[in-house]
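**Student:** A structural model of the following input is requested.
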Amino acid sequence: MIADARRSCGHVASGADADPACSEDDVDPIPAAPVTCETCAACCCRLEVWCLTDTGVPGHLTVMDNFGRTLMDRLDDGWCAALDRDTLLCRIYAQRPLVCRELAVGSPECLAERS
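**Tutor:** Numbering: from 1, shown residues only. Purely as a prediction, here's the structure:
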């Protein structure tokens, strides 16, 4: 038998003991899984990344755009050239660009890229 969900008001959400005075909005939501880089599909690794400061990004992983800005190189399919395709982890994490350092895991910007 499947257990009935408890509403935040303490009443059973469904079944014979359901309290009709409680609305569906009273049901406690199931907590979302924590956002981590290890469980991500590397959505941020498809963004255009400017190398604004010198963090030691290897030159062979960068390109110059038409305006003279240094960008992380992206492969033909749009993925960052520094992304390890087997692990979906950055191969130059300690030297990653400032933009990558500032995109906090689980931040609104991170969640927007994942959606």
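**Student:** How about T53, nearest residue that isn't a chain neighbour?
**Tutor:** L98 (4.8 Å; C-beta to C-beta, 6 or more residues apart in numbering). Yep, even glycine has a C-beta here, placed from its N, CA and C like the rest.
**Student:** Point out where the protein drops to low pLDDT.
**Tutor:** The chain contains residues with pLDDT under 70 at 1-33, 37-39, 41-42.
**Student:** At which residues are the strands of it located?
**Tutor:** Secondary structure of the chain (DSSP state E): strands at 62-64, 70-72, 83-84, 89-90.
**Student:** Partner strands of the last one, with direction?
**Tutor:** Here strand 89-90 has these sheet partners by DSSP bridges: strand 83-84 (antiparallel).
**Student:** residues in contact with the strand it pairs with?
**Tutor:** A42, C45, L89, C90, R91 (C-beta atoms under 8 Å, 6 or more residues apart in numbering).
**Student:** Need the residues you listed in JSON lines (columns: neighbour count and distance to L52).
**Tutor:** Listed next are these as JSON lines, based on neighbours: other C-beta atoms under 10 Å; distance: C-beta to C-beta, whole Å:
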{"residue": "A42", "neighbour count": "18", "distance to L52": "21"}
{"residue": "C45", "neighbour count": "22", "distance to L52": "18"}
{"residue": "L89", "neighbour count": "15", "distance to L52": "22"}
{"residue": "C90", "neighbour count": "18", "distance to L52": "17"}
{"residue": "R91", "neighbour count": "15", "distance to L52": "20"}
